[in-house]
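S.K.: Please work out how this folds:
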Amino acid sequence: MPRRETTAGGSLRVGINAVHAKTGGGLVYLRNMLPLIAAAPGIAAQLFAAEDTIQALAPIDARIEVHPVQPWGGWAGLLAWEQVVLPGLLRRAGIEVTFSPANFTPLLAPHPVVLLGTATGMIARERRMSMRLYWAVLTVMTWLSLLVCRRAVAVSEFARRSLTPGPMRGLRARIAVVHHGVSAAFHPGTGDREGLLLAVADLYPQKNLHTLIEAFGRLAAARPGLSLRIAGRRIDEAYAAGLERQVVRQGLGGRVTFLGGVSPEMLAELYRRCAVYVFP
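M.R.: The predicted model follows:
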């Protein structure tokens, strides 16, 4: 993030736009990053988030000033609120740099910095018109955010390249790849591995879990002692129901388990116990 002298004790006032952090990786990212941002010298951080997000992130480091906000409902309402209302809130709070860990940012926010974590190729595979519209809007907003942002961070080289195709390639110079770190809780352990495959992903199409279940069905006959466990919340209900029907259709009942959302402690234990972690 850019640094410069300010009038507030020399600290740079950074606004963290967390209105999109509802579940999964977005919450995990913020839960781990907020203490690091709070401890960074010369940074005065302020968090802008809905009440449910604030509760999910609790306890929040006391050095971070929290602003509860009330975005409009639905994904279109949230997008409109973020573009129309949030920039004014940021400026009234004296924010000098806006960090949006959500692919796109309020375009009129002060000196936006954006985190790129979601590839947008799903639009070519999605058949539901409402979801095609969603992915189209996400793609356009990501490109617009790259045009106006000061800097961008991509979680992988794949994300960096896939989000800057064709004429957008010239924007890659402002994108830095910063891979996620690994918490000390995720250590190998000393126990025996079990005969299970583990997938960790909320249930929505871009996680490609339907392909994983199909592949496991081919493997299951040759490996009768093997099971598959999927840890993740039901984000897209229609997709989740389709996965359950697929399990029944392939005769995998009892061998594929949907665990739902799990605690970080349970997740670390699952990593230690699984024979293979799969990420389709």
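S.K.: And the helices in this structure, which stretches?
M.R.: Under the criterion DSSP state H, the chain contains helices at 24-39, 51-57, 74-84, 86-92, 129-148, 157-162, 209-220, 237-249, 264-273.
S.K.: between these, which one is nearest to residue 13?
M.R.: helix 86-92 (9.4 Å; C-beta to C-beta). Any C-beta I mention is one placed from the backbone N, CA and C, and that applies to glycine too.
S.K.: how far does that closest one sit from the chain's center?
M.R.: Counting by C-alpha atoms, centre = their mean, to the nearest Å, helix 86-92 is centred 24 Å from the centre of its parent chain.
S.K.: for it, which positions count as buried?
M.R.: Applying a neighbour-count criterion of 16 or more other C-beta atoms under 10 Å, one finds 86, 87, 89, 90 buried in helix 86-92.
S.K.: Compute the distance between the third one and residue 95, please.
M.R.: The reference is to residue 89. 9 Å (C-beta to C-beta, to the nearest Å).
S.K.: One more: residue 246?
M.R.: 46 Å.
S.K.: before we move on, what about residue 41?
M.R.: Following C-beta to C-beta, the distance that separates residue 41 from residue 95 is 19 Å.
S.K.: before we move on, what about residue 180?
M.R.: 25 Å.
S.K.: Looking only at neighbour counts, state which of these two leads.
M.R.: For residue 180 versus residue 95, neighbours defined as other C-beta atoms under 10 Å are more numerous around residue 95 (25 against 13).
S.K.: Number of residues surrounding the residue lying closest to that one once chain neighbours are set aside?
M.R.: Nearest non-adjacent residue to residue 95, counting by C-beta to C-beta, 6 or more residues apart in numbering: residue 15, 3.6 Å away. Counted by other C-beta under 10 Å, the residues lying close to residue 15 total 30.
S.K.: Which pLDDT value belongs to residue 15?
M.R.: What the model reports as pLDDT for residue 15 is 98.
S.K.: so who does it touch?
M.R.: 45, 46, 48, 90, 93, 95, 97, 98, 99, 109, 110 (C-beta atoms under 8 Å, 6 or more residues apart in numbering).
S.K.: What subset of those residues is buried?
M.R.: Buried among the contacts of residue 15 (16+ other C-beta under 10 Å): 45, 46, 48, 90, 95, 97, 98, 99, 109, 110.
S.K.: From residue 54, how far out is the residue of the chain positioned farthest from its centre?
M.R.: Distance to the chain centre peaks in the chain at residue 222, reaching 35.5 Å (criterion: C-alpha atoms, centre = their mean). To residue 54, residue 222 is 48 Å away according to C-beta to C-beta.
S.K.: Can you tell me the closest non-neighbouring residue to residue 116?
M.R.: Closest to residue 116 by C-beta to C-beta, 6+ apart is residue 154, at 4.3 Å.
S.K.: Look at the residue lying closest to residue 250 once chain neighbours are set aside and say how many residues are nearby.
M.R.: Spatial nearest neighbour of residue 250, chain neighbours left out: residue 217 (4.1 Å); criterion: C-beta to C-beta, 6+ apart. Residues near residue 217, counting by other C-beta under 10 Å, number 18.
S.K.: and the residue lying closest to residue 33 once chain neighbours are set aside, how many neighbours?
M.R.: Leaving aside its chain neighbours, residue 33 sits nearest to residue 101 (7.6 Å; criterion: C-beta to C-beta, 6+ apart). Residues lying near residue 101 (other C-beta under 10 Å) number 22.
S.K.: before we move on, what about residue 245?
M.R.: 10.
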